[in-house]
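Undergrad: What would the 3D arrangement of this be:
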Amino acid sequence: MSVPRASTGVDRSRLPDLRPVPRFAFPAIEKSTLANGLGVWSVRHETVPLIGFLLIIRRGAADDPLGQEGLAALTADMLDEGTGPWSAIDVHKEIARIGAQFDIDIGADATLIGLTALSRFADRGLKLLADVVVRPTLGEADFVRVRQLRLNRLIQLRDMPGVIADRAFARLLYGDSPYGHTPLGSERTLAPLTVDDVRAFHRRLIRPGAATLVAVGDGEHETIRRLADAAFGDWAQGAEPAGDARDTIARPARLNIVPRPGASQSELRIGHVAVARATPDYHALVAANMVLGGQHVSRINLNLRAEKGITYGARTVFDFRRRPGPFALQASVDTLATALAIRESIGEIAAIRGERPISADELAVGVAALTRGYARNFETSDQIARAVAQLALYSLPDDYYSQFVPRVESLTPDDVMGAAARHLDPTRLTTLIVGDADAAGQDFGRLNLGDPVVVSADSI
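TA: Reported below is the predicted structural model:
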């Protein structure tokens, strides 16, 4: 015998109404500057007895001298290969003794060196961090080994279409200017480097005036400042290096191809040089990108994947940097559908500027993806440290993260389309294909992009 269920009063024919996004307050940042110019920024984060140090040096792959692309990353990779009387093994034994985690990342604009340890080992951890950054051995034997590892890695990457596309696309957009290569460099530029090149780069560019030490965890600011002064106080400032005046924009052909005979898929990159991180249109462009290609339900992914069935996924991204960075579409598509994918992608980029207006519903979905769960980006000390490092790198206000959600929620479709119209130009788009030129090129003439220019893989 069945028992009737009590009514819950819930209408299951419609989704529940969304509640407002809770306001997020980024923790307070305390700041000091040492006598040598090193910034010391700290944030209290006492959930666990850990402290994370992140040294951000505003020097990256864009600081590679012309013809020595890859030098900045090679120098960064050499830092933990020994310091003073310690070898690389000794350095990592000390890291293990204090239960620390150590890592080095390098991008176009900055090098990040991080160390996280228990709070009671803050002094030892900070001294070790200073030793490897300020007083690395930079020995000949270690250099030869590290350089060879990088050359081996470049040989492996020859067979990865996505990597080939990223490297070739950077070269097409920026030529020989600072953003015209990836941090790894190339076999052609790495092979002639010497340990003296690494030493000179370290001496000239790794300086306290270009660095900020971020500390997040269980520690008072004054204590951290005192420990930082003891560890980094003798780091000499040195002379300010001359800036790089090389042009940041190349003028590539509109259609380019790196041949890969027999490839079943074409790796695509479509884009142009866009804007710097400092643009006042930043929030509007981030929202526009969510509608265009920044999430699974974006226009381009729905077009190429859901409707056409020619890719597993397509995405677009604005790579915001200190100088104007690239806007790029990335996709891997069926070889026989290459021309179709290019035509549809360029059409979507053109349409979002106003030809196909962004609806209020589309924008709402994009805004929700950016704002709901936003606070999860700042749960751990490492997440907070990296967020603070972004403030230091791009000279953003301390309340930037607290204001992100309300700034994005206040955007209108006209705001977003206006920003897209100002910073996306279909007539300047450069298209790169890494794939089978013969199989993919049957319909290239219909694209009105001119004859494809062959790009040799050996030239990137």
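Undergrad: Give me the helix or strand of this protein that scores worst on average pLDDT.
TA: One helix or strand of the chain scores below all others by mean pLDDT, DSSP states H and E: helix 437-440, with a mean of 87.
Undergrad: So what does the residue nearest to residue 395 when sequence neighbours are not counted have for phi and psi?
TA: What sits nearest to residue 395 in space, not counting adjacent residues and going by C-beta to C-beta, 6 or more residues apart in numbering, is residue 278, at 7.6 Å. Every C-beta, even on glycine, is put in place using the N, C-alpha and C of the backbone. When quoted as degrees, to the nearest 10, the phi and psi of residue 278 stand at phi -80, psi 0.
Undergrad: May I have stretch 106-119 as PDB, with CA atoms only?
TA: Below are the C-alpha coordinates for stretch 106-119, written out as PDB (Å, rounded to 0.1, in the frame of the first residue of the first chain):
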ATOM      1  CA  ILE A 106      58.900  32.100 -15.500                       C
ATOM      2  CA  GLY A 107      56.700  34.000 -17.900                       C
ATOM      3  CA  ALA A 108      57.000  36.800 -20.400                       C
ATOM      4  CA  ASP A 109      57.000  39.600 -17.800                       C
ATOM      5  CA  ALA A 110      58.200  38.000 -14.500                       C
ATOM      6  CA  THR A 111      60.100  35.300 -12.700                       C
ATOM      7  CA  LEU A 112      58.400  33.800  -9.600                       C
ATOM      8  CA  ILE A 113      60.500  31.900  -7.000                       C
ATOM      9  CA  GLY A 114      58.400  30.400  -4.200                       C
ATOM     10  CA  LEU A 115      59.100  28.600  -0.900                       C
ATOM     11  CA  THR A 116      56.500  27.400   1.600                       C
ATOM     12  CA  ALA A 117      57.400  26.000   5.000                       C
ATOM     13  CA  LEU A 118      56.200  25.700   8.600                       C
ATOM     14  CA  SER A 119      56.100  29.100  10.300                       C
END
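Undergrad: My guess is residue 308 contacts residue 340. True?
TA: Yes. Counting by C-beta atoms under 8 Å, residue 308 does reach residue 340; the two are 6.8 Å apart.
Undergrad: before we move on, the earlier item: contacts made by the next helix or strand after the least confident helix or strand of the chain with the rest, please.
TA: The C-terminal neighbour of helix 437-440 among helices and strands, as given by DSSP states H and E, is strand 453-454. Where contact means C-beta atoms under 8 Å, 6 or more residues apart in numbering, the residues beyond strand 453-454 that reach it are 252-253, 255-259, 437.
Undergrad: rerun that using 7 Å as the cut-off
TA: Contacts to strand 453-454, defined as C-beta atoms under 7 Å, 6 or more residues apart in numbering, come from residues 253, 255-257, 259.
Undergrad: What mean pLDDT does it get?
TA: Regarding strand 453-454, the rounded mean pLDDT is 94.
Undergrad: Over to stretch 207-215?
TA: Mean predicted confidence for stretch 207-215 is 97.
Undergrad: Among the contacts of strand 453-454, name the ones in strands.
TA: Counted as lying in strands by DSSP state E, out of these, are 255-257, 259.
Undergrad: Among those residues, which one is most surrounded by other residues?
TA: Compared across the ones in strands among the contacts of strand 453-454, residue 257 has the highest neighbour count, 23 neighbours, by other C-beta atoms under 10 Å.
Undergrad: Next, the contact list for residue 39, please.
TA: 31, 33, 212-213, 392.
Undergrad: Now, of those residues, which are buried?
TA: Listed as buried from the contacts of residue 39 are 212-213, 392; burial here means 16 or more other C-beta atoms under 10 Å.
Undergrad: Please convert those to a markdown table, extending it with secondary structure and distance to residue 103.
TA: A markdown table is the format used below for the buried ones among the contacts of residue 39 (DSSP: H, G, I helix; E, B strand; the rest coil; distance: C-beta to C-beta, whole Å):
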| residue | secondary structure | distance to residue 103 |
| --- | --- | --- |
| 212 | strand | 17 |
| 213 | strand | 15 |
| 392 | helix | 18 |
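Undergrad: Just give the number of residues close to the residue nearest to residue 395.
TA: So residue 278, with other C-beta under 10 Å, has 14 neighbours.
Undergrad: The nearest residue to residue 377 once chain neighbours are set aside: how many residues sit nearby?
TA: Nearest residue to residue 377, sequence neighbours excluded (C-beta to C-beta, 6+ apart): residue 383, at 6.0 Å. Neighbourhood size, residue 383 [other C-beta under 10 Å]: 15.
Undergrad: hey, C-alpha coordinates of stretch 224-242 in PDB?
TA: This file holds the C-alpha atoms of stretch 224-242, laid out as PDB (Å, rounded to 0.1, in the frame of the first residue of the first chain):
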ATOM      1  CA  ILE A 224      58.800  39.300   8.200                       C
ATOM      2  CA  ARG A 225      60.300  42.600   7.300                       C
ATOM      3  CA  ARG A 226      63.100  42.000   9.900                       C
ATOM      4  CA  LEU A 227      63.800  38.500   8.500                       C
ATOM      5  CA  ALA A 228      63.700  39.800   4.900                       C
ATOM      6  CA  ASP A 229      66.300  42.500   5.800                       C
ATOM      7  CA  ALA A 230      68.600  39.900   7.400                       C
ATOM      8  CA  ALA A 231      68.300  37.700   4.400                       C
ATOM      9  CA  PHE A 232      68.200  40.100   1.500                       C
ATOM     10  CA  GLY A 233      69.700  43.300   3.000                       C
ATOM     11  CA  ASP A 234      73.100  42.800   1.300                       C
ATOM     12  CA  TRP A 235      71.500  42.300  -2.200                       C
ATOM     13  CA  ALA A 236      73.100  45.200  -4.200                       C
ATOM     14  CA  GLN A 237      70.900  47.400  -6.100                       C
ATOM     15  CA  GLY A 238      73.200  47.900  -9.100                       C
ATOM     16  CA  ALA A 239      72.500  50.200 -12.100                       C
ATOM     17  CA  GLU A 240      69.200  50.300 -13.800                       C
ATOM     18  CA  PRO A 241      69.400  48.500 -17.100                       C
ATOM     19  CA  ALA A 242      68.400  50.200 -20.300                       C
END
